[in-house]
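Enquirer: curious how this folds, go ahead:
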Amino acid sequence: MSETEIATAPHPLLLADGRPAAAAWSLDPALRHLNHGSFGAVPLVAQALQHQLRTEMERAPVVWFPALPQRVAAARAELADFLVVAPDDLALVPNASAGISAVYACLTPRRGGEIVVTDHGYGAVTMGAERLAGRWGGRVRTARVPLEADEEEAYEAVAAEVGEATDLIVLDQITSATARRMPVERIGVEAQRRGIPLLVDGAHAPGLIAAPLAGVTCDFWVGNLHKWGCTPRGSAALVARGPLREQLYPLIDSWGAADPYPDRFDQQGTVDVTSYLAAREALDFVERTWGWQTARRYMGDLADYAEQVVGGAFAELTGVSSRVDVGMPIPGMRLVRLPTGLGTSRVEADALRDRAAQELGVETAFTSFGGTGYLRLSAHVYNTAADYEYFAEVCVPVLGKWARAAREQRAP
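Expert: Here you go, the predicted model:
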């Protein structure tokens, strides 16, 4: 949204009985929940189903576990339908990081052991790439992508780091710290042309993008269902296509090891996978209550409004625009620049998150990129315009005081 555009507050979404959407969740009403993007939030109906499944598991574990692979396979087919992928391409994993770890564990170097990542990459994923490159005797090459880079500029920045020694490219579909897209479609075509495996970190994509793998050419893709999809935590998808997928094995060896991909992921000993079995209930709840298309449109409109209201409050406080030029924006999440002195590193941003929850009663995300601190606004169906108006009125002035104190503390 440009500075000249004016966003209007969308009408809050309601349940069929007229109650606010938030009534379908168990979120603490004493807190403002403005950070759905980090850990998600599970609707009550999915919580109830998971509890029912756990009760069934504990009542007869000897019946439960031998029958589990067939139930997981059925759940996998349902979730593949939501993601618009073939069931035989999809394995279920606890989270995106687990799926990426499985990929890292299966690959071997063929060229020079180099791995290309970007400076927007998720920290844990990048650290895993560094460990893998170390085992290969290679190195990680980091593409520097300006926050304001459009598709062409981002593509050129990543492609410039790819060379004869590249054995793997790891690219976010939606970045966590900077809430922007990356040109995974174009990089996928180039990677395939060069015969280089591409791993797409789509942690934020399910639910936020209607068909996240449409038009994407890649060897591996991972996405968290528990974020925007609202499924129980511990449910994520690993999609693998092409010959390399037969090298994929779960991180836990179990009796399914001799099965083909993805069946071998369906059996994980005594791991509690009720999150997989209850995942579809959460996705279906949003669909039958509002429809995912309506939900995504609402999240985008509300994020636009949140950016305007909160950003405007910071600008009025500091006299400086807090607007952030994000080159490839996404629905549902927006960045607002924090006053100078706040969140200048990941450690400081995380500490700010914790302090805001404890002292302001607000769950939100603070991020850092290039030494600048940002507020990452998330909007889901249970959020309303009043949430962000409250943040602008009550929290922004306090953050301004914290910023002044931080600057004074750093002054010589």
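Enquirer: how much space between G112 and R141?
Expert: G112 sits 10 Å away from R141 when distances are taken as CB to CB, to the nearest Å. Every C-beta, even on glycine, is put in place using the N, C-alpha and C of the backbone.
Enquirer: ok, now Y388?
Expert: From Y388 over to R141 the distance is 39 Å, taken as CB to CB.
Enquirer: which one's more surrounded, the two?
Expert: Y388 (25 against 19; other CB atoms under 10 Å).
Enquirer: returning to what we had before: between G112 and R141, what contacts are shared?
Expert: Both G112 and R141 are in contact with 163, 166, where contact means CB atoms under 8 Å, 6 or more residues apart in numbering.
Enquirer: does D266 touch A75 like I think?
Expert: No - assessed by CB atoms under 8 Å, D266 is found out of contact with A75, at 9.1 Å.
Enquirer: which of those two has more neighbours?
Expert: D266 (23 against 20).
Enquirer: mind jotting down where the strands sit in the stretch 101-250 of the chain?
Expert: Along the stretch 101-250 of the chain, counting by DSSP state E, counting those that start in this stretch, strands occupy 114-118, 140-143, 166-172, 198-201, 220-224, 236-240.
Enquirer: can you say which of the ones you listed is nearest to A21?
Expert: strand 220-224 (21.2 Å; CB to CB).
Enquirer: ok, the closest one: who's next to it in the sheet?
Expert: Strand partners for strand 220-224, identified by DSSP bridges, are recorded as strand 198-201 (parallel), strand 236-240 (antiparallel).
Enquirer: now the last one - C-alpha only, CSV.
Expert: This means strand 236-240. Taking C-alpha atoms only, strand 236-240 is exported to CSV below (Å, rounded to 0.1, in the frame of the first residue of the first chain):
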residue,chain,number,x,y,z
ALA,A,236,3.6,-29.3,8.6
ALA,A,237,4.0,-30.5,5.1
LEU,A,238,7.1,-31.6,3.2
VAL,A,239,6.6,-31.8,-0.5
ALA,A,240,9.2,-33.5,-2.7
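Enquirer: could you point out the helix or strand that follows that strand?
Expert: Once strand 236-240 ends, the next helix or strand along the chain (criterion: DSSP states H and E) is helix 274-289.
Enquirer: what about the helix or strand following that following helix, distance to the chain center?
Expert: Using DSSP H and E, the helix or strand that follows helix 274-289 in sequence is helix 292-318. Relative to its parent chain, helix 292-318 has a centroid offset of 19 Å by CA atoms, centre = their mean, to the nearest Å.
Enquirer: redo the strands paired with strand 220-224 as TSV? Include mean pLDDT, distance to A357 and mean neighbour count.
Expert: Converted to TSV, the strands paired with strand 220-224 look like this (pLDDT from 0 to 100; distance: least, CB to CB, whole Å; neighbours: other CB atoms under 10 Å):
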stretch	mean pLDDT	distance to A357	mean neighbour count
strand 198-201	98	26	26
strand 236-240	98	25	27
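Enquirer: need those strands in CSV (columns: distance to A392).
Expert: Shown next, in CSV, are the strands paired with strand 220-224 (distance: least, CB to CB, whole Å):
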stretch, distance to A392
strand 198-201, 32
strand 236-240, 34
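Enquirer: nearest to P183, out of those?
Expert: Closest to P183 of the strands paired with strand 220-224 is strand 198-201 (CB to CB; 11.1 Å).
Enquirer: residues in contact with that closest one?
Expert: Contacts of strand 198-201 (CB under 8 Å, 6+ apart): 96, 100, 103, 121-122, 125, 168-173, 184, 187-188, 191-192, 216-222.
Enquirer: put the buried members of those into a PyMOL selection.
Expert: PyMOL command restricting the contacts of strand 198-201 to the buried ones, with burial defined by 16 or more other CB atoms under 10 Å:
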select buried, resi 96+100+103+121+122+125+168+169+170+171+172+173+184+187+188+191+216+217+218+219+220+221+222
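Enquirer: for the strands of the stretch 101-250 of the chain, which one sits closest to S378?
Expert: strand 220-224 (13.5 Å).
Enquirer: give me the mean pLDDT for that closest one.
Expert: Average pLDDT, strand 220-224: 98.
Enquirer: chain center to that strand, what's the gap?
Expert: Offset of strand 220-224 from its chain centre (CA atoms, centre = their mean): 10 Å.
Enquirer: please apply the same query to stretch 131-142.
Expert: Distance, centroid of stretch 131-142 to centroid of chain: 24 Å (CA atoms, centre = their mean).
Enquirer: what's the end-to-end length of it?
Expert: 14 Å (CA to CA, to the nearest Å).
Enquirer: may I see the buried residues of it?
Expert: 132-133, 136, 138, 140-142.
Enquirer: do you know how far A23 is from G40?
Expert: The gap separating A23 from G40 is 18 Å, by CB to CB.
Enquirer: between those two, which one's more packed in?
Expert: Between A23 and G40, counted using other CB under 10 Å, the more crowded position is G40 (22 against 15).
Enquirer: was I right about the more buried one contacting A236?
Expert: No - look at G40 against A236 with CB under 8 Å: they stay out of range, at 11.0 Å.
Enquirer: between those two, what contacts are shared?
Expert: Contact criterion CB under 8 Å, 6+ apart; residues bridging G40 and A236 by contacting each: 224, 226.
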